[in-house]
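# what follows is a predicted protein model with its sequence.
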Amino acid sequence: MNIRYKYLRMVAKQKRKKIIRSMETETQELAFNIIKKSISNPEATLLIAPLTNVYYIQTDDLFIKILDTYVQIVNGKYFYHISMPAFLMEDIEKKFKLKVENQKKKIENKIINNTNSSLRNIFNDLTYEKATDPSNNEFKAR
């Protein structure tokens, strides 16, 4: 592995440890970990409301609403309204946006692959009868 890559991973790990140590309450830590785990779930539905800057996560029976200063977690039976420090909200927002960006890249790659496949099929279906037809006088040597 690249030394720079190892260094960046070490710095990121230390930053995560610092964030977890600086959380005000165990409730905030649990909420942060629930959100982080939900974002990493490949089955999770992630939505962004661009006008209100609200983020939504849905996994099975769990619904999470992420606002500027707090999160709402609903599991079908209970509703939790948890205030979070600004630095945690920034970290959550960053993780959320990275996940959405990765999903967008996958979709773009599928679109590009489908387009290229379709264009290859069109190219392969094209025939130039004039160029391949030996009876065509236009292409005979003079």
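Yep, that arrived. Residues are numbered from 1 along each chain as shown.
# only alpha carbons, please: show stretch 86-105 as CSV.
The C-alpha coordinates for stretch 86-105 follow below in CSV (Å, rounded to 0.1, in the frame of the first residue of the first chain):
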residue,chain,number,x,y,z
ALA,A,86,-22.8,20.8,14.8
PHE,A,87,-19.5,18.8,14.1
LEU,A,88,-21.5,15.5,14.3
MET,A,89,-24.1,16.8,11.9
GLU,A,90,-21.4,17.8,9.5
ASP,A,91,-19.9,14.4,9.7
ILE,A,92,-23.3,12.7,9.2
GLU,A,93,-24.0,15.0,6.2
LYS,A,94,-20.7,14.2,4.6
LYS,A,95,-21.2,10.4,5.0
PHE,A,96,-24.7,10.7,3.6
LYS,A,97,-23.6,12.8,0.6
LEU,A,98,-20.7,10.4,-0.2
LYS,A,99,-23.1,7.5,-0.2
VAL,A,100,-25.5,9.3,-2.5
GLU,A,101,-22.6,10.3,-4.7
ASN,A,102,-21.5,6.7,-5.0
GLN,A,103,-25.0,5.6,-5.9
LYS,A,104,-25.1,8.3,-8.5
LYS,A,105,-21.8,7.1,-10.0
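# please enumerate residues in contact with that stretch?
Applying CB atoms under 8 Å, 6 or more residues apart in numbering, the external contacts of stretch 86-105 come out as 19, 22-23, 28, 32, 35-36, 39-40, 46, 48, 55, 57, 66, 68-69, 71, 84. C-beta coordinates here come from the backbone N, C-alpha and C atoms, glycine included.
# and the longest helix anywhere in the chain, which residues are buried?
Ranked by residue count and defined by DSSP state H, the top helix of the chain is helix 86-125. By 16 or more other CB atoms under 10 Å, the buried positions in helix 86-125 come out as Leu88, Met89, Asp91, Ile92, Phe96, Lys99.
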